[in-house]
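[1] Got a sequence here, can you build the structure:
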Amino acid sequence: MKNKSLPIIVIFFIAIFVLISSTFIVNETQQVVITEFGKPVGTAITEPGLYFKFPFIQDVNYFDRRFLAWDGDRAQVSTEEKQLIFVDTYARWQITDPLQFFKRLTNERGAQSRIDDILDGETKDYIAKNKIRELVRSTNRTPIQSKLTDGELKDTLTPISVGRALIQDEILTSSNTQAGDLGIEILDFRFKRINYVNEVKKQVFERMKSERYRIADKFRSEGQGEASRISGEKDRELLTIQSEAFRLAEEIKGKADAEAAAIYAGAYNKSAAARDLYSFLKSMETFQETFDDETNVILSTNSDLYKYLKSMK
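    Sure thing, here's the model as predicted:
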């Protein structure tokens, strides 16, 4: 009994193995080319689902249906003006005809190498035919003017005739023309970075610095002139204020002296005692203002000062 059931089990497992070997699944992100002894047979399978093949003699080759990335190498390229620049690019591509793709490129590694040749070559050709301003600008936009202090407007933007966006589109179109029989489509191409080589970059930076220094010196000299003007106006206004204050002070002092003299005169005219007191006070003020410890004077006996000095004695 056991000997009869053994072949059945073996046949069952062989049937399972053959069934598994003859079926394959294609998901939404894949497309398939069936090969027989290394050569493609039939048409490509691009729809997801469960499919069958001849086991052992046919192989399944899977390819991606999604957008694929291409990142170019940073390369040194010469522009139309013979200026050396570094260019870094990237692109997106897709396998549109898996059967043709397999026949021409075999796999994605082969496709990446072929795209390198196409895009790098087209990029160098189009850069060599255009000036650098065409590569870094896309439109003839109206620049924001920088108004200098002398009222002169400075515009450093030279008009462009092609522009970066159009150059990218032309490279994309030309590249797709070359890749037309490869079963792929280049969907997008862009410049990731454009920069001068180090030698040219230093020269550009030096020109930029000298230009900024020139403008800074101009602003500084005009600022110093304005500061001198403001300082002169300040000094003039200060002298005017001081002279007016001095005039007012002298007027007030004159009025005060006049009032004091009037008071003294009134007191002097009222009584002899007041007159004597007034004469005495004025004499004392004269002594204080005129004499010190080292002063020698000669007075007449008829002098009022001598009279007060004699009486003090």
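
[2] tally of neighbours for the nearest residue to residue 81 once chain neighbours are set aside?
    In space, and not counting its chain neighbours, residue 81 is closest to residue 131: 5.7 Å by Cβ to Cβ, 6 or more residues apart in numbering. Yep, even glycine has a C-beta here, placed from its N, CA and C like the rest. By other Cβ atoms under 10 Å, 16 other residues sit near residue 131.

[3] isn't there a strand covering residue 200?
    No. Counting by DSSP: H, G, I helix; E, B strand; the rest coil, residue 200 falls outside a strand, being helix.

[4] Pull out the buried residues from the strand or helix carrying residue 110.
    Mapping residue 110 onto the secondary structure by DSSP states H and E places it in helix 108-128. For helix 108-128, a neighbour-count test (16 or more other Cβ atoms under 10 Å) marks 108, 111, 114-115, 118-120, 122-123, 126-127 as buried.

[5] Break this protein into its domains for me.
    2-64, 68-196 (automatic domain parsing).

[6] Please list all residues in contact with the residue lying closest to residue 178 once chain neighbours are set aside.
    Nearest residue to residue 178, sequence neighbours excluded (Cβ to Cβ, 6+ apart): residue 118, at 5.1 Å. Going by Cβ atoms under 8 Å, 6 or more residues apart in numbering, residue 118 touches 175, 178-179, 186.

[7] Quick check: the farthest pair among those?
    For the contacts of residue 118, the maximum inter-member distance is 9.4 Å, found between 178 and 186 (Cβ to Cβ).

[8] which of the two has more neighbours?
    Applying other Cβ under 10 Å to residue 178 and residue 186 shows that residue 186 carries more neighbours, namely 23 against 16.

[9] Can you verify the more buried one is assigned to a strand?
    Yes. Looking at residue 186 with three-state DSSP, it is inside a strand.

[10] and it, bridged to which residues?
    With DSSP bridges applied, residue 186 shows beta-bridge pairing to residue 93.

[11] and the gap between it and residue 114?
    Taking Cβ to Cβ, to the nearest Å as the measure, residue 186 falls 11 Å from residue 114.

[12] same check, this time on residue 57
    Using Cβ to Cβ, residue 57 is found at 30 Å from residue 114.

[13] For the stretch 201-313 of the chain, which segments are assigned as strands?
    With strands called from DSSP state E, counting those that start in this stretch, the stretch 201-313 of the chain shows none.

[14] returning to that earlier point: quick check: neighbours shared by residue 186 and residue 114?
    With Cβ under 8 Å, 6+ apart as the test, residue 186 and residue 114 both reach residue 179.

[15] where does the stretch 151-300 of the chain dip in pLDDT?
    151-157, 204, 266-280, 283, 287-293, 295, 297, 299-300 (pLDDT under 70).
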